[in-house]
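Undergrad: Please find the sequence and the predicted model below.
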Amino acid sequence: MIGLFLAATAMGLLFFAADMIGGAVQNRLADAPEVRAPRERVFSVNVVQARAGTETPVLESFGAVQSRRRLELRAAVGGRVIELAPGFEVGGTVKEGQVLVRLDRADAHATVARAESAVHDAEAEGRDAARALELARDEQTAAEEQAALRTRAFERQSDLADRGVGTATATETAELAASSARQAVLARRQIVTQSEARIEQAVSLVSNAKIALDEAQRRLEETTITAPFDGALSDTSVVEGRLVSANERLAELIDPDNLEVSFRVSTAQYARLIDEHGALIKAQISATLDVAGIDLEAEGQITRAGAAAGEGASGRLIFASLTHAAGFKPGDFVTVHVREPALADVIRLPSSALDAQGRVLVLDAQNRLEAESVEVLRRVGDEVLVRGKIEGRDVVEAQSPLLGAGIAVKPLRSGADPEQADGASMIALTEERRAKLVAFVEANDRMPQEAKARVLAKLAEPEVPAKMIERIESRMGG
C-alpha cells in the first residue's frame, strides 16, 4: 500500500508539472512582443554665434623684393684699370661720391692737350681774320675816296668839253680813270666780304675746337667712375690691371635701404583695390619672410600698378614700397598681406560652415537645424565674410552629409568643455526606465564599486545627465 501511494503521488506531481509547463509555454506564445519606439539620433555639432561687425579683409599673395634704385656701372671709355676702391667686391658698401674705378688717363690727357692746342689755333685764326678785315675795310675806304676823286675829275673834264675848252681824248681818259676807280672799289668790297666770311669760319673753328675740348675733358673725367649714391655692389666683374672696353659692365650698384615688393593679384582682387575714379588706393601691406622659423616682417604701402598685364601672365602686377625692412634683400621671395577697405555689418564664419549653394545651417529654439542663404562678400584664408539674416544665431561650424534641415543636434559652443556641455542636458526618467538602468548597473561586475556607487547616486536623482543615460543604454544593447 505504501508503494502504491508513492507511485500515485509521483504520477500526480508529474502531471501537475507537465500542466504548469504547458500553461507557461502557451502564455509565452500568447504574449505580444514589447514594441519599442525608435529613438531619434542626435548629432553633436560645433557651433559659433554669428556676430555682425566691421571687418578688414586681408588679401594674401606672394611677391619678390627688389630695389627701387639700382645702377649698372659701365666703362664709358676703354682703358686699363689702374685703381679699384678697397670695397669693390660683391656685397661691398660704398658712399656717394666715392671713387670706385680709375682707368689709365694718359691717352685722355693727350687728347685734351691736342684739343686745347686746336682751340688756341682757332682763336689765333680768328684774331688774324679780324686784323685782315680791318685792313680790307681801310683799303675799301681808300678806294672809295679815290673813286670819288676820279668821278669829280671826269665831271670837270666833261664840263670843260661842253664849254669847248677840253678835248674828247682828255674826257675819255678821265672817264676810263673813274671807271677803273669804281672797279677797284668793287674789288675791295669783295675782299672785305671774304674777310668777314673768314671771321665767321674762325668763329666756327673756335666753337668746334671748344666742343672737342669739352668732349676730351669729359672722356678724361669718365676714366674715373664714382658712386652716385650710397649702396652695395653686386656682380663685380673686374680686377686691377685688366683692359676693359667701352660700355663694358663692371658691376651693379644697389640701394639696399630703398626697397619695394612686386606681387601679382587676380583681376577680381585688383578691382577691389581701386576707388570709384579707377585710381589704385594706397592700401597698407605687410611683407613676411620666413628665415629658419623666424619671421621677418616689414610694413609698406601700395605705390603703383604695372602698365600692362604682361605677356603670358594673368591678373595685375602691383608694386608697394617697404619701410623699416631690416633683414630684407633684393630677390627675397615673401608673403604679402594687403589690407583691403573695411566692410561694415559683415559676419566672419569658417569656410566649412558654407555649402556649395551659399547656405549655412543655423539652430532654432528646439536645437534643430535650419538652412539659411547668405551673401558671400570675401574669402579670407579659411574664413568667409558674409551678410545675411543670421545675426545672433548659432551657426554650425562644419557641414557634413549627415547634417541637414530638420535634424536635431546637440550644440557644442566654442570654448566650452564637451563633458560639461553634454552634462548640462538633463533628462527626467520614468520609474520603469530608471529600474532597468539601476538593475543593469548593479548586475555589472566589472564596474568598480566607487564608480558604481556614484552612478547609482546619479540615477536616484529626479533628473539624470543625458550622456550618462546614453552611455549605459548603449552598453545594454538598446
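TA: Good, I have the coordinates.

Undergrad: what's the nearest residue to Ala118 if we skip its chain neighbours?
TA: Closest residue to Ala118 apart from its sequence neighbours, by CB to CB, 6 or more residues apart in numbering: Ala209 at 4.3 Å. C-beta: built from backbone N, CA, C; applies to glycine.

Undergrad: Tell me who's in contact with that neighbour.
TA: Under the criterion of CB atoms under 8 Å, 6 or more residues apart in numbering, the contact list for Ala209 reads 115, 118-119, 121-122.

Undergrad: same thing with Ala130?
TA: With contacts defined as CB under 8 Å, 6+ apart, Ala130 is in contact with 199, 202.

Undergrad: Same question for Glu299.
TA: 284-286, 322-324.

Undergrad: Make sure Ala313 is indeed in a strand.
TA: No - when DSSP: H, G, I helix; E, B strand; the rest coil is applied, Ala313 is found to be coil, with no strand at that position.

Undergrad: okay, it: pLDDT?
TA: According to the model's per-residue confidence, Ala313 sits at a pLDDT of 78.

Undergrad: Give me the distance between it and Ser266.
TA: Ala313 sits at a distance of 11 Å from Ser266 (criterion: CB to CB, to the nearest Å).

Undergrad: what about the residue nearest to Ala118, distance to Glu473?
TA: Counting by CB to CB, the gap from Ala209 to Glu473 is 114 Å.

Undergrad: got the contact list for Leu59?
TA: Applying CB under 8 Å, 6+ apart to Leu59 gives the contacts 265, 269, 272-273, 337-340.

Undergrad: Just these: which are in helices?
TA: Applying DSSP state H to those, the entries found in helices are Gln269.

Undergrad: Including pLDDT, neighbour count and distance to Gly97, could the contacts of Leu59 go into CSV?
TA: Putting these into CSV (pLDDT from 0 to 100; neighbours: other CB atoms under 10 Å; distance: CB to CB, whole Å) gives the following:
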residue, pLDDT, neighbour count, distance to Gly97
Val265, 90, 21, 41
Gln269, 88, 19, 44
Arg272, 87, 16, 46
Leu273, 89, 20, 41
His337, 92, 15, 39
Val338, 92, 22, 39
Arg339, 90, 13, 40
Glu340, 88, 18, 44
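
Undergrad: so which pair among the contacts of Leu59 is furthest apart in space?
TA: Across these, the longest distance by CB to CB is 14.3 Å; it joins Arg272 and His337.

Undergrad: Show me how the protein divides into domains.
TA: Following automatic domain parsing, one finds the domains of the chain at 45-54+343-416, 107-222, 423-476.

Undergrad: which residues in the stretch 251-400 of the chain form strands?
TA: Secondary structure of the stretch 251-400 of the chain by DSSP state E, counting those that start in this stretch: the strands cover 259-265, 284-291, 294-305, 316-323, 333-339, 343-350, 359-363, 369-373, 375-380, 383-387, 394-396.

Undergrad: So for Ala136, what's the pLDDT?
TA: What the model reports as pLDDT for Ala136 is 86.

Undergrad: could you point out which element follows the strand or helix carrying it?
TA: Under the criterion of DSSP states H and E, Ala136 resides in helix 106-162. Downstream of helix 106-162, the first helix or strand assigned by DSSP H and E is helix 168-222.

Undergrad: Contact partners for the most centrally placed residue in the chain?
TA: The geometric centre of the chain, computed from its C-alpha atoms, lies nearest to Phe263 (CA atoms, centre = their mean), at 3.1 Å. When the contact criterion is CB under 8 Å, 6+ apart, the partners of Phe263 are 61-64, 317-318, 320, 336.

Undergrad: Can you select the buried ones from those residues in PyMOL?
TA: Selecting only the buried members of these in PyMOL, with burial defined as 16 or more other CB atoms under 10 Å, works like this:
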select buried, resi 61+63+317+318+320+336
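
Undergrad: Can you tell me which of the contacts of Phe263 is nearest Leu280?
TA: Ile318 (7.5 Å).

Undergrad: List the residues that contact that closest one.
TA: Neighbour list for Ile318: 262-265, 270, 273, 280, 302, 304-306 [criterion: CB under 8 Å, 6+ apart].

Undergrad: are any of these buried, and which?
TA: When the contacts of Ile318 are checked for burial by 16+ other CB under 10 Å, the buried set is 263-265, 270, 273, 280, 302, 305.

Undergrad: Much appreciated, bye for now.
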